[in-house]
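A.B. asks: Please find the sequence and the predicted model below.
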Amino acid sequence: MRKTSSGSAEEFFPDKLTLPSLREAAAGCKACDLWKRGTQTVFGEGRRAAMVMFVGEQPGNEEDLAGKPFVGPAGRLFDDALEQAGIDRSQTYVTNVVKHFKWEPRGKRRIHKKPNAQEVSACRPWLEAEIKVVKPKIVVVLGAIAAQALLGPKFRVTKQRGEFIKSTLAPYVMATVHPASILRAPDAETRRLEHRRFVADLKKLARVMS
Ligand code: SF4
């Protein structure tokens, strides 16, 4: 029997790396303790040879229940912004740095909790395998946690959002905000402005994709 908390998802890798075999193997991952808290592993989803891959932080409450990434309120905002930017979601691949929902109870609600460095590091091999198989031309990192995990602790989304930066992840790499942060804006006007800025960042991708 396998030990729990080996510290690296690689221990659970299938012999052959394909999206279906990775998804199946990730369903049984116990490389960190988050498998005990989430309902299920939420693996990435999308086109096998997608030109663009979006990488968020971790699944939220609705994603955890559905087993699919970006289907909750932030996912709906994301879909809307993609549409406004002229990007067809079915042509993309969406995933997260961490594949289980980390939460803490608040009354009857499950409140999102940031994954720690150990959990991010344990889960990272799944993302690396997804990038290896999909080989996207563009990787878009959504939000500060994903950006710091993938682009280094000094990376600041607030300063460098919307810029294409040098990275070994893909030929084109950009970071922008996580759609959930737009939902958390303090008022409707800020939310509208932030949504517009997000769409403007996504429009830059549409140009590289054509
Ligand atoms: S969060 Fe990632 S590393 Fe941790 S158990 Fe889930 S799939 Fe495995």
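C.D. replies: All right, it came through fine.
A.B. asks: Tell me where this structure has helices.
C.D. replies: Taking DSSP state H as the criterion, the chain carries its helices at 19-26, 61-66, 73-85, 117-134, 144-151, 157-160, 179-183, 188-209.
A.B. asks: okay if I get those helices as JSON lines plus mean neighbour count?
C.D. replies: Placement of C-beta: from N, CA and C, glycine included. Formatted as JSON lines, the helices of the chain follow (neighbours: other Cβ atoms under 10 Å):
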{"stretch": "helix 19-26", "mean neighbour count": "18"}
{"stretch": "helix 61-66", "mean neighbour count": "18"}
{"stretch": "helix 73-85", "mean neighbour count": "18"}
{"stretch": "helix 117-134", "mean neighbour count": "19"}
{"stretch": "helix 144-151", "mean neighbour count": "21"}
{"stretch": "helix 157-160", "mean neighbour count": "12"}
{"stretch": "helix 179-183", "mean neighbour count": "20"}
{"stretch": "helix 188-209", "mean neighbour count": "16"}
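A.B. asks: Which positions in stretch 9-22 come out as buried?
C.D. replies: Within stretch 9-22, the residues scored as buried using 16 or more other Cβ atoms under 10 Å are 9, 12-13, 19, 22.
A.B. asks: how long is that stretch end to end?
C.D. replies: End-to-end distance of stretch 9-22: 11 Å, with Cα to Cα, to the nearest Å as the criterion.
A.B. asks: what residues does that stretch touch?
C.D. replies: With contact meaning Cβ atoms under 8 Å, 6 or more residues apart in numbering, stretch 9-22 is reached by 2, 24-26, 28-31, 43-44, 48, 122-126, 129-130, 132-134.
A.B. asks: for the chain, which spans come out with low pLDDT?
C.D. replies: In the predicted model of the chain, residues 1-6 satisfy pLDDT under 70.
A.B. asks: Residue numbers of it in contact with the ligand?
C.D. replies: By Cβ under 6 Å from any ligand atom, the residues of the chain that approach the ligand are 9, 26, 29-32, 34-35, 41, 98-100, 119, 122-123.
A.B. asks: from those residues, which single one is nearest residue 153?
C.D. replies: Ranked by distance to residue 153 (Cβ to Cβ), the residues of the chain next to the ligand are led by residue 119 at 15.7 Å.
A.B. asks: Name the nearest residue to the closest one, ignoring sequence neighbours.
C.D. replies: Among residues not flanking residue 119 along the chain, residue 32 sits closest, at 4.7 Å (Cβ to Cβ, 6 or more residues apart in numbering).
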